[in-house]
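Peer 1: sequence unknown, structure follows:
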């Protein structure tokens, strides 16, 4: 037998052991493997979602412009391989096409929720497989959802509130005010306050930059206070002083994307990419995915009952349930087959019956016909006989007549002769 | 502005500031620093098992490796050391920290191994223990409501102590390594190597490698898990050195004006960390400084996964669906399937 391990106690080291290299070993492994990051952009048509992505990652992503002529909300996903120094990133950007374009927007959020759930489901399926390859699995789960708020300056639209409420337990939401150069600075401050209070009063849980690690606690907590980020995107470059900067040029001035006095783009990039990318990935896996998994499995009827009667293996019970389902399917199939066979037999019997009847009818008719024929033949015969006898009689009668005539004529002759005498 | 916020923090965020002011810099590579931060915060776990008959210096070697009294024997105070009648499995955990990196180290001792008159199937209780840790992890993993971080008690590495006979592997060595190399990373070492001359050592090592090859025993680092050419090159060098000829000591002696770990004899002092004396430093580098993460990865993505596959398939084949499970969590028919 064996004893359980004793509680761990802290002990000092008398020299350099070398396990301080573990973070490096871990990082090296990740570098060799590459990273995955998936962003979902939710927002109405024309809020500059694609431009912002281009600006954030400093590349031109989409080739063809998106078609906005499909009914309902479509989700378009594109994956790109980016590299910076030795870090390889597989970035997936998912855009909502047609969001907010419908007359009836009641179901707009549904295709977004479905998309997010589909990615969770795919991961769950992989996790439940018997032979699985989790370490090389291409993770498509959404790590961050940038919610684009139209720069009306008033308040959140009800579509925004409804959608964010539906998404906040499934994904990390970072709300941003899009095309914020449309609002003046003072209006923007009021707008942000209004948005924040509406989110709070509606119980929408947006992503909070983590403040538990003292290294980044201060910057994260400060940034939390700047949400929603008012952004401006641009891939056009304008000369300011002696530098080329990304900006939007107006007759009355130039909005510089990376100027913190002009907009919060730098803050967004800092938070989303440079400080919290890993935390976004972790929250997705340990919170949102776990919630999905728990709900899905409970829905399927699994329970963490007491250890004695705990289902031995999720996979086994899942397989058993699937087999049960397949068994039911097979049984139904068999039943249907039997029914079909039965029906065919019945039909066959019916047809045989009918055939038999037909034959009988045919036989009857045949017999009838034969009888008729016989009758007619008999009649014919009797008629023939009659005819013959008549002929005979006629012949006899004619002969007699002839004889009589002759006798008469001879007798007449005789008589004539006698008379003559 | 944003940069001013960074100046207030106590520990500087390692950042390529020059790069961040460069035009077009996105900051994707900052994820490395984020990962490092997360790792420092979470800490690491490492579970190492030592197997070998008594008297081969297992405890001393562990203490030397981790520069601290980590082995069970060092912790026990007054209990008399006796050779157990059966193989016992005893684990002890310590929290150690170095340059801000925290580690929960668990050393699993196997007193009684190879000490009986009849050592048949001595590998079985150890195999059972290793599988029980996989089982525990699996049970936790299949919970509906599961922990954020599943506690990892799986044996990452098993150091097998070969007595310095100088000839070849004994049947017990082959039996053990043949069975266990299929479920755990095995690192064989020649214990108390200071009793062999360099020539004897090289000859012995060669014989051991031949025996391992002849019995198709895959020791760590396994050839089939080399990831790429670079990996293969590094690992081939290691495979050519295995088994490491080691000497352990927790005593320091004055050698040439320096205080060094060593074993003092009448004819000289064996310096543990001197690579011309013994291969302790290579073992330490492999286990701790370069391959520790890889050892853990092979355990989780290969050995554990193989256990899981076997387990789930076994279960599907069982006629009534629910196998009998022993108190220690190892299902009954596991014992049969262990007879490979």
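Peer 2: Looks like it came in fine. Bear in mind the structure is a predicted one, so any value in this text is a computation, not a measurement.
Peer 1: neighbours around residue A:254, how many?
Peer 2: Residue A:254 has 15 neighbours, counted by other CB atoms under 10 Å in any protein chain shown. In short, each C-beta sits where N, CA and C put it, glycine included.
Peer 1: got the residue ranges for the strands in the chain?
Peer 2: No chain was given, so I picked chain A. Using DSSP state E, the strands assigned to chain A run over residues A:6-10, A:35-42, A:74-84, A:87-97, A:144-149, A:173-177, A:229-230, A:237-240, A:243-250, A:253-256.
Peer 1: looking at chain B here, not the other one
Peer 2: Ranges of strands in chain B, per DSSP E, are B:44-51, B:90-98, B:101-109, B:157-162, B:186-190, B:244-245, B:252-255, B:258-265, B:268-271.
Peer 1: got JSON lines for the ones you listed, with mean neighbour count and distance to residue B:121 too?
Peer 2: What follows is the strands of chain B, written out as JSON lines (neighbours: other CB atoms under 10 Å in any protein chain shown; distance: least, CB to CB, whole Å):
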{"stretch": "strand B:44-51", "mean neighbour count": "23", "distance to residue B:121": "14"}
{"stretch": "strand B:90-98", "mean neighbour count": "19", "distance to residue B:121": "20"}
{"stretch": "strand B:101-109", "mean neighbour count": "21", "distance to residue B:121": "19"}
{"stretch": "strand B:157-162", "mean neighbour count": "23", "distance to residue B:121": "17"}
{"stretch": "strand B:186-190", "mean neighbour count": "24", "distance to residue B:121": "18"}
{"stretch": "strand B:244-245", "mean neighbour count": "24", "distance to residue B:121": "28"}
{"stretch": "strand B:252-255", "mean neighbour count": "14", "distance to residue B:121": "42"}
{"stretch": "strand B:258-265", "mean neighbour count": "15", "distance to residue B:121": "35"}
{"stretch": "strand B:268-271", "mean neighbour count": "18", "distance to residue B:121": "36"}
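Peer 1: of those, which is nearest chain A?
Peer 2: strand B:90-98 (3.7 Å; CB to the nearest CB).
Peer 1: walk me through which strands the closest one pairs with, and which way each runs.
Peer 2: Applying DSSP bridges, strand B:90-98 is found paired with strand A:6-10 (parallel), strand B:101-109 (antiparallel).
Peer 1: comparing these by mean pLDDT, which bottoms out?
Peer 2: Lowest mean pLDDT within the strands paired with strand B:90-98: strand A:6-10, at a mean of 68.
Peer 1: hang on, isn't residue A:246 packed against residue A:232?
Peer 2: No. Shown here, residue A:246 and residue A:232 do not form a contact pair, counting by CB atoms under 8 Å, at 9.3 Å.
Peer 1: look at the two and report which has more neighbours.
Peer 2: Comparing residue A:246 with residue A:232 by other CB under 10 Å, the one with more neighbours is residue A:232, at 27 against 22.
Peer 1: wait, the more buried one touches residue A:250, no?
Peer 2: No. Applying CB under 8 Å as the test, residue A:232 and residue A:250 come out as separate, 11.4 Å apart.
Peer 1: shared neighbours, those two?
Peer 2: With contacts defined as CB atoms under 8 Å, 6 or more residues apart in numbering or on different chains, no residue is shared by residue A:232 and residue A:250.
Peer 1: around residue 299, how many other residues sit close by?
Peer 2: Because you didn't say which chain, this covers chain A. Residue A:299 sits with 8 neighbouring residues when counted by other CB under 10 Å.
Peer 1: that's the other chain; I wanted chain B
Peer 2: Residue B:299 - counted by other CB under 10 Å - has 24 other residues nearby.
Peer 1: all good on my end, thank you.
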